[in-house]
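**Student:** Build the 3D model from these lines:
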Amino acid sequence: MEQSRHLERGRLNRPTATTVSAASLGILFLLTGSAGAGHAGAASSSAGERVATGALRERIQERREERRAVREAPAPADLERRKMRHEGLERTYYLSLPEGGADRPYPLVVVLHGGRSNASSIARTTEFHRLGQRQGFAVVYPEVGSGQIVWNDGRDASNTGVDDVGFVLRLVDDLKRSTPIDTDRIYATGASNGGMFTHRLACEPGTPFAAFAPVVANLPTDLEPYCNPGRPVPIMMIMGTEDALMPYEGGVVARMIPLLGPGQGTVLSAKATVDFWRRNNQCRDAREESMLSDSSPSDGTRIREARWRDCASDAEVIKLNVIGGGHTWPGTSEGPTLERSGRVSQDIDATHVIHRFFQRHAR
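**Tutor:** Numbers count the residues shown, from 1 in each chain. Down below sits the predicted model:
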């Protein structure tokens, strides 16, 4: 079966053992005040430890409330909420179609939310649907399945065993049958965990996507050995040099609450991620590099663009380095929703920049 091939990729989808890190156990001890029988010495706490435990509880609760507020905010009213079932899971997505109907097939942009987030949040952040309504393209915001908190993006740490690739491909197929979609102009973008899942979609052979644009997302280390799209794929990457969660230099993907564990898998560096896609696209070494206009000096960021155009099948590779930028979507009016997100650059509107990139590419 077509869907099953997405579940036969060795380490990408092998069953993973449930593990509890030493750091997580340490936090559990602080929260419960007990490390189990036979540790009477550890069971007694000093006044200072009790104060620290209370402060930690408050800190964790604050972070949970911040994330809950993001998740529970309503979706924009101009999106149509739909449901479908895939492999026994109920899946939700939000759809936006261009204003005025269709006198010809229109492009489709798939926009993927981050981990522990949802479709309504990425819709508010990016406003891709508003641009699509004006510019004549459809936008769909899929969500992870009921009970999930992350996309199965290729990291062992995010391996839910759920066929998210199959779900997105089936969703696209359903939309192609029910909506006048230009099948040569289907695109994928996403942020954070959604950006890493965008990388995974780019790694899959035989998908309908013409180009990809992961934001604040490096290529997962666990995914790299299995990434073989079998064709050059145009790709634009937007990366913050001071991202506290997605390490620009590569390494462990951090948690929003650092004390709750050692991290959530590892990623390649920004440079290694770009180099991977340059090799896949058979790009020559020559690149064009420029510093973009500092149109918002007060935001504390600058943007350097590196572009490789001389690639097979015109599959250009673009990297936008947001110097000083955090784990954020450039140009959003939402602002950083969480304390550790970092600076939001206003020097570009990532939604518009990605749309212009997509317009240059078709299957």
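**Student:** only C-alpha atoms for contact and neighbour calcs from this point on.
**Tutor:** Fine.
**Student:** what residues are up against Arg302?
**Tutor:** Met291, Leu292, Ser293, Asp294, Val322, Ile323, Gly324, Ser345, Asp347 (CA atoms under 8 Å, 6 or more residues apart in numbering).
**Student:** among these, who's most crowded?
**Tutor:** Within these, Ser345 tops the neighbour count with 30 neighbours, counted by other CA atoms under 10 Å.
**Student:** ok, so what distance separates that one from Thr273?
**Tutor:** 22 Å (CA to CA, to the nearest Å).
**Student:** try Leu320
**Tutor:** 13 Å.
**Student:** Okay, and Met239 sits in which element?
**Tutor:** Element membership for Met239, per DSSP states H and E: strand 235-240.
**Student:** What mean pLDDT does the very next helix or strand once past that strand get?
**Tutor:** Next helix or strand after strand 235-240 toward the C-terminus (DSSP H and E): strand 251-252. Mean pLDDT, taken over the full extent of strand 251-252, equals 96.
**Student:** cool, and stretch 97-105?
**Tutor:** Here stretch 97-105 scores 82 as its mean pLDDT.
**Student:** Next, the buried residues of the host helix or strand of Asp174.
**Tutor:** Assigned by DSSP H and E, Asp174 falls within helix 164-178. Buried residues in helix 164-178, counting neighbours by 16 or more other CA atoms under 10 Å, are found at Asp164, Val165, Gly166, Phe167, Val168, Leu169, Leu171, Val172, Leu175, Lys176.
**Student:** Out of those, which is nearest to Asn152?
**Tutor:** Using CA to CA, Asp164 is the member of the buried residues of helix 164-178 that lies nearest Asn152, at 6.1 Å.
**Student:** State the distance from the closest one to Leu112.
**Tutor:** Taken as CA to CA, the span from Asp164 to Leu112 is 11 Å.
**Student:** do Glu87 as well
**Tutor:** 20 Å.
**Student:** Could you do Ala362 as well?
**Tutor:** Ala362 sits 20 Å away from Leu112, going by CA to CA.
**Student:** Likewise for Ser313?
**Tutor:** Separation of Ser313 from Leu112 (CA to CA): 26 Å.
**Student:** who has more neighbours, those two?
**Tutor:** Using other CA under 10 Å, the more surrounded residue of Ser313 and Leu112 is Leu112, with 30 against 13.
**Student:** Residues in a beta bridge with that one, which ones?
**Tutor:** Gly190 (DSSP bridges).
**Student:** Quick check: it touching Thr189?
**Tutor:** Yes. Leu112 is within contact range of Thr189, at 6.3 Å (criterion: CA atoms under 8 Å).
**Student:** Find the residues that touch each one of these two.
**Tutor:** In contact with both Leu112 and Thr189: Gly195, Thr198, using CA under 8 Å, 6+ apart.
**Student:** in the stretch 51-200 of the chain, which ranges drop under the pLDDT threshold?
**Tutor:** Within the stretch 51-200 of the chain, the segments meeting pLDDT under 70 span 51-75, 101-102.
**Student:** So which of the buried residues of helix 164-178 is the closest to Thr125?
**Tutor:** The closest of the buried residues of helix 164-178, once distances to Thr125 are taken by CA to CA, is Val168, at 20.8 Å.
**Student:** And that closest one, how far from Asp222?
**Tutor:** Distance from Val168 to Asp222, by CA to CA: 21 Å.
**Student:** Same check on Thr160?
**Tutor:** From Thr160 across to Asp222, the span is 14 Å (CA to CA).
**Student:** got it, and Gly190?
**Tutor:** Gly190 sits 19 Å away from Asp222, going by CA to CA.
**Student:** Could you do Ile181 as well?
**Tutor:** Ile181 is 33 Å from Asp222, where distance means CA to CA.
**Student:** go on, Arg82?
**Tutor:** Plainly put, Arg82 is 33 Å away from Asp222 if you go by CA to CA.
**Student:** who has more neighbours, those two?
**Tutor:** Asp222 (19 against 11).
**Student:** Give me the nearest residue to that one, chain neighbours excluded.
**Tutor:** Using CA to CA, 6 or more residues apart in numbering and skipping residues adjacent in sequence, the residue nearest Asp222 is Arg155, 5.2 Å away.
**Student:** circling back: could you list the residues in contact with the helix holding Asp174?
**Tutor:** Residues contacting helix 164-178 (CA under 8 Å, 6+ apart): Gln3, His6, His86, Pro142, Val144, Trp151, Asn152, Ile181, Thr183, Leu201, Thr207.
**Student:** Just the buried subset of the residues you listed, written out for PyMOL, thanks.
**Tutor:** Selecting only the buried entries of the contacts of helix 164-178 in PyMOL, with 16+ other CA under 10 Å as the criterion:
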select buried, resi 6+86+142+144+151+152+181+183+201
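**Student:** Redo the contacts of helix 164-178 as a markdown table? Include distance to Met246 and secondary structure.
**Tutor:** What follows is those, written out as a markdown table (distance: CA to CA, whole Å; DSSP: H, G, I helix; E, B strand; the rest coil):
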| residue | distance to Met246 | secondary structure |
| --- | --- | --- |
| Gln3 | 30 | helix |
| His6 | 25 | helix |
| His86 | 30 | strand |
| Pro142 | 22 | strand |
| Val144 | 20 | coil |
| Trp151 | 16 | coil |
| Asn152 | 17 | coil |
| Ile181 | 34 | strand |
| Thr183 | 33 | strand |
| Leu201 | 19 | helix |
| Thr207 | 26 | coil |
